[in-house]
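In: What follows is a predicted protein model with its sequence.
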Amino acid sequence: MTALTLTNVNKSFGPVHVLKDINIEINDGEFVVFVGPSGCGKSTLLRVIAGLEDASSGDVHIGEDLVNTTPPSKRGIAMVFQSYALYPHLNVRKNMSLALKQEKKSKDVIEERVSEASRMLDLSDYLDRYPSELSGGQRQRVAIGRAIVRHPKLFLFDEPLSNLDAALRMNTRIEIANLHSALSASMIYVTHDQTEAMTLADKIVVLRDGRVEQVGSPMELYNNPTNQFVAGFLGSPAMNFLRGELLGEQGDHTIGIRPEDLIVVPNGHLAVQVRHVEELGGETNVVAEVSGTPVTIRLFGQSEIRPGDTLHIDVPQERRYRFSTTGERL
Amino acid sequence: MNKARSNPLNTAAMHVALITYTLIALFPVFVILINSFKSRKAIFRDPLALPNSESFSLIGYQTVLKQGDFFLYFQNSFLVTVGSLFFILLFGAMAAFALSEYRFKGNTLMGLYLALGIMIPIRIGTVAILDMMVATGLVNTLWALILVYTAQGLPLAVFILSEFMRGVSDDLKNAGRIDGLSEYAIFFKLALPLVRPAMATVAVFNMIPIWNDLWFPLILAPAEETKTLTLGSQVFIGQFVTNWNAVLSALSMAIIPVLVLYVIFSRQLIRGITSGAVK
Ligand SMILES: Nc1ncnc2c1ncn2[C@@H]1O[C@H](COP(=O)(O)OP(=O)(O)OP(=O)(O)O)[C@@H](O)[C@H]1O
Ligand SMILES: [Mg+2]
């Protein structure tokens, strides 16, 4: 069963063509992450799915239903916003129950769903507080709770964690993952954080300039990117791109190699100058340079390498990705 | 801002300036108030003296209250002011919401057109307005005044409020849409409470000119039963003799309702004026 199908979806704001021919299919219970650089249209796509914007052309199906003209509240979706968007004049309980009241659900149902959601999110003690009396993390949990109580078929998250600090982000990320397995609902999650995308997703959709670049599981995209953009976008530190001739290959293609695949050996056939060393304790990222091209090498453990050193590295054949001048994978 | 505040010299200078301004602004009100409690002779002998046992007199208030219609005038003024404010705020906020929230053809043009009224004084159209009021039979009704004042206040209200409406978070409105609120509910329940300070600002800006206006009551509603306070007080100002006791007492009493409305709005107002600056 599919939870969502987008067919040839286009969206223009006046002359600005923001979404270009988007085709995506999402299965029931799947956790799908949209990633892409800022301004590529992730939020716009999410808003089209939610019904907050009308697509200029193309079809949106949620489940089996064509929802092109269905208002947001009737689409069986719930959305969590980056800015929380809690109703400032309502307390937590009322924030969570507003949608159910609008649906004319009975008091008992509302009460039961709110207490169920607040139990899941550890919010039971805060039900009578107002949003301004909560911390950022609590506010975001209320926003998630507001989505849960509606029992939607499809959850939409627009960068829900980007206003939280690192530690809280990790906790909330785990909470969202738990929620997903507990609720077994389909979720779409927009982020530009690598870690969130890789750890949460069943399926990642990489967007660039309003186009879908590639769709696949995190490891599929990591191991088998179809083009240079996807290869460079996923992975941290990012993949290195070197001209073919530097590595003694014929043709004007580009060779991509992940930082962890480079091997430092005394007789390596590529000599690089170390510019900068980032020691993270558990691993070390060495930023070096070879004839003007930066190369990042990722080493495990700590290392003696210092800026100014010359390193000799090997670029294993079987680890090389080759891309044409237009960025296509060869 | 905080640095300037912590410097005692700056603080002192600021307070001196503000206190001076306050004194200048309050002085006329003060003179009106003290003289309204004095006998006619005492007013002219020494206008700046406080009333004492010898000069104290309530004759002004007695005259005003004996003129039985004074309460009617009072009520008329109040109805006109409150009614106009209500419509200015309601329609102004609705127009501002539409202009800032919905993308439609001619949106900007419409906004400019609505703002044009700020630059064109409504009194220029007095003759045409009078014609229309006569044609619709609204002359000598309070509705005539309410409609005119609403028209007069709307341009600035739309202009100020649309700026604030634009500041209301899109996410919040969208959250409301997803939760199934109608556009009206989003306007009344989400947007309005958030622009309350701006509404108070608009209310205060409009309230005082409406309350004090003499022009339109004189032209559109001069009948005895629709006279406003300002117009009603004119009976004490004659061509040859002016009953100063009565005028001053009427003015003193006229201050009270404005003061009450102001206190109601001012809590919001202070936030309204500073919110733009601080952010
Ligand atoms: N209402 C609008 N009118 C005109 N252009 C718009 C509108 N909304 C978005 N855009 C444009 O559409 C493009 C995509 O915007 P969108 O908000 O979807 O990006 P995004 O991928 O979510 O970026 P970010 O990661 O920064 O949130 C941007 O170039 C933006 O300028
Ligand atoms: Mg976005």
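Out: Yep, it's here. Numbers count the residues shown, from 1 in each chain, chains lettered A, B, ... in the order given. Ligands and ions are numbered 1, 2, ... in the order given.
In: Quick check: residues of chain A near chain B?
Out: A:47, A:50, A:52, A:71-74, A:77-79, A:81-89, A:98-99, A:102-103, A:146 (C-beta under 8 Å from any C-beta of the partner chain). To be clear about C-beta, it is placed using only N, CA and C from the backbone, and glycine gets the same treatment.
In: Type out the ChimeraX command that picks the buried ones from those.
Out: Entered in ChimeraX, the line below selects the buried ones among the residues of chain A next to chain B, by 16 or more other C-beta atoms under 10 Å in any protein chain shown:
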select /A:47,50,52,72,73,77,78,79,81,82,83,84,85,86,87,98,99,102,146
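In: So B:S100 sits against B:I160, correct?
Out: No - the criterion here is C-beta atoms under 8 Å, and B:S100 misses it with B:I160 at 11.8 Å.
In: Mind checking which of these two has more residues around it?
Out: Counted by other C-beta atoms under 10 Å in any protein chain shown, B:S100 and B:I160 do not tie: B:I160 has more neighbours, with 21 against 18.
In: Identify the residues contacting B:G60.
Out: Residues near B:G60 by C-beta atoms under 8 Å, 6 or more residues apart in numbering or on different chains: B:36-37, B:243-250.
In: Just the ones in strands from the residues you listed, please.
Out: Among these, DSSP state E puts none in strands.
In: Take those residues and keep only those in helices.
Out: In helices, defined here by DSSP state H, the members of the contacts of B:G60 are B:36, B:244-250.
In: Could I get the full set of strands for the stretch 151-300 of chain A?
Out: Along the stretch 151-300 of chain A, counting by DSSP state E, counting those that start in this stretch, strands occupy A:154-158, A:186-190, A:203-208, A:211-216, A:240-243, A:254-257, A:263-264, A:270-279, A:283-290, A:293-300.
In: what's the domain layout of the chain?
Out: All of this is about chain A. Per the record, chain A has its domains at A:2-231, A:237-323, by automatic domain parsing.
In: meant chain B, my bad for not saying
Out: Taken from automatic domain parsing, chain B resolves into B:1-57, B:61-278.
In: Mean neighbour count, these: which tops it?
Out: Ranked by mean neighbour count, these are led by domain B:61-278 with a mean of 18 (mean count of other C-beta atoms under 10 Å in any protein chain shown).
In: That one: how far from the chain's middle?
Out: Put simply, domain B:61-278 sits 6 Å off its chain's centre (C-alpha atoms, centre = their mean, to the nearest Å).
In: Point me to the residue sitting closest to the centre of chain B.
Out: In chain B, the residue lying closest to the centroid (C-alpha atoms, centre = their mean) is B:M207, at 1.0 Å.
In: give the contact list for that residue.
Out: B:81, B:85, B:258, B:261-262, B:265.
In: per-residue confidence for B:S266?
Out: At B:S266, the predicted lDDT confidence score is 76.
In: rewinding a little: check the spacing between the residue nearest to the centre of chain B and A:D209 real quick.
Out: Using C-beta to C-beta, to the nearest Å, B:M207 is found at 53 Å from A:D209.
In: Likewise for B:A191?
Out: Distance, B:A191 to A:D209, by C-beta to C-beta: 34 Å.
In: excluding its backbone neighbours, what's nearest B:T63?
Out: Leaving aside its sequence neighbours, B:T63 sits nearest to B:A246 (C-beta to C-beta, 6 or more residues apart in numbering or on different chains; 4.3 Å).
In: Test my guess that A:R258 contacts A:G232.
Out: No - with contacts counted by C-beta under 8 Å, A:R258 stays clear of A:G232, the gap being 10.6 Å.
In: what's the overlap in contacts for the two?
Out: Here A:R258 and A:G232 share the contacting residues A:M239, scored by C-beta under 8 Å, 6+ apart.
In: Grab the nearest non-local neighbour of B:F205.
Out: Leaving aside its sequence neighbours, B:F205 sits nearest to B:L156 (C-beta to C-beta, 6+ apart; 6.8 Å).
In: and that neighbour, which of the three is it?
Out: helix (DSSP: H, G, I helix; E, B strand; the rest coil).
In: which residues touch it?
Out: Applying C-beta under 8 Å, 6+ apart, one finds that B:L156 lies in contact with B:117-118, B:202, B:205-206.
In: My guess is A:S43 contacts A:D158. True?
Out: Yes - the criterion here is C-beta under 8 Å, and A:S43 meets it with A:D158 at 5.6 Å.
In: Report the contact partners of B:V168.
Out: Per C-beta under 8 Å, 6+ apart, neighbours of B:V168: B:190-191, B:194-195.
In: Tabulate these (CSV), appending distance to A:M187, secondary structure and pLDDT.
Out: Below are the contacts of B:V168 laid out as CSV (distance: C-beta to C-beta, whole Å; DSSP: H, G, I helix; E, B strand; the rest coil; pLDDT from 0 to 100):
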residue, distance to A:M187, secondary structure, pLDDT
B:L190, 26, helix, 89
B:A191, 30, helix, 91
B:L194, 30, helix, 86
B:V195, 34, coil, 88
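In: quick one: the strands in chain B?
Out: Using DSSP E, chain B contains no strands.
In: Could you list the low-confidence segments of it?
Out: By pLDDT under 70, the low-scoring segments of chain B are B:1-6, B:68, B:269-279.
In: Need the residue in chain A that's farthest from the chain's center.
Out: Most remote from the centre of chain A, using C-alpha atoms, centre = their mean: A:N267, at 40.1 Å.
In: what's next to stretch A:101-108, contact-wise?
Out: Contacts of stretch A:101-108 (C-beta under 8 Å, 6+ apart): A:73, A:110, A:113, A:150, B:179-181.
In: To clarify, my last question referred to stretch A:124-144.
Out: Taking C-beta under 8 Å, 6+ apart as the rule, stretch A:124-144 contacts A:80-81, A:84-93, A:95-96, A:114-115, A:118, A:121-123, A:160-161, A:163-165, A:168, A:171-172, A:175-176, A:179.
In: quick one on the thing from earlier: out of the domains of chain B, nearest to ligand 1?
Out: domain B:61-278 (7.2 Å; C-beta to the nearest ligand atom).
In: anything in that closest one near ligand 1?
Out: No - judged by C-beta under 6 Å from any ligand atom, domain B:61-278 and ligand 1 are separated, with a smallest distance of 7.2 Å.
In: Contact partners for A:E289?
Out: Applying C-beta under 8 Å, 6+ apart, we find A:E289 in contact with A:272-273, A:275, A:295.
In: mind listing which of the contacts of stretch A:124-144 are in helices?
Out: Secondary structure from DSSP H places A:92-93, A:95-96, A:114-115, A:118, A:168, A:171-172, A:175-176, A:179 of the contacts of stretch A:124-144 in helices.
In: Among the residues you listed, which one has the most neighbours?
Out: The ones in helices among the contacts of stretch A:124-144, ranked by neighbours (other C-beta under 10 Å): first place A:M96, 29 neighbours.
In: I'd say it and A:S118 touch.
Out: Yes - look at A:M96 against A:S118 with C-beta under 8 Å: they come within range, at 7.4 Å.
In: Overlap of the contact sets of those two?
Out: Contacts common to A:M96 and A:S118, judged by C-beta under 8 Å, 6+ apart, are A:G145.
In: what about the residue in the stretch 51-200 of chain A that ligand 1 sits nearest to, how many neighbours?
Out: The stretch 51-200 of chain A approaches ligand 1 most closely through A:H192 (5.4 Å), counting by C-beta to the nearest ligand atom. For A:H192, the neighbour count with other C-beta under 10 Å is 16.
In: Quick check: closest non-adjacent residue to it.
Out: A:H192 sits nearest to A:V35 (C-beta to C-beta, 6+ apart), 6.1 Å away.
In: Now name the helix or strand holding A:G145.
Out: helix A:136-148 (DSSP states H and E).
In: ignore the last one, A:R322
Out: strand A:321-323.
In: can you map out the helices along the stretch 1-150 of chain B?
Out: B:2-6, B:8-36, B:40-45, B:59-66, B:70-101, B:107-116, B:126-136, B:142-166 (DSSP state H, counting those that start in this stretch).
In: Dump stretch A:78-94 to CSV, restricted to CA.
Out: Provided in CSV are the C-alpha atoms of stretch A:78-94 (Å, rounded to 0.1, in the frame of the first residue of the first chain):
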residue,chain,number,x,y,z
ALA,A,78,-0.4,16.4,10.6
MET,A,79,2.5,18.7,10.4
VAL,A,80,5.2,19.8,12.8
PHE,A,81,6.9,23.1,12.0
GLN,A,82,10.4,24.3,12.6
SER,A,83,9.2,27.3,14.6
TYR,A,84,6.9,25.0,16.7
ALA,A,85,3.9,27.2,15.8
LEU,A,86,2.1,26.6,19.1
TYR,A,87,-1.0,28.7,19.8
PRO,A,88,0.4,31.2,22.3
HIS,A,89,-2.9,31.9,24.0
LEU,A,90,-3.8,28.3,24.6
ASN,A,91,-2.3,26.0,27.2
VAL,A,92,-0.6,22.7,26.3
ARG,A,93,-3.8,20.7,26.7
LYS,A,94,-5.8,23.0,24.5
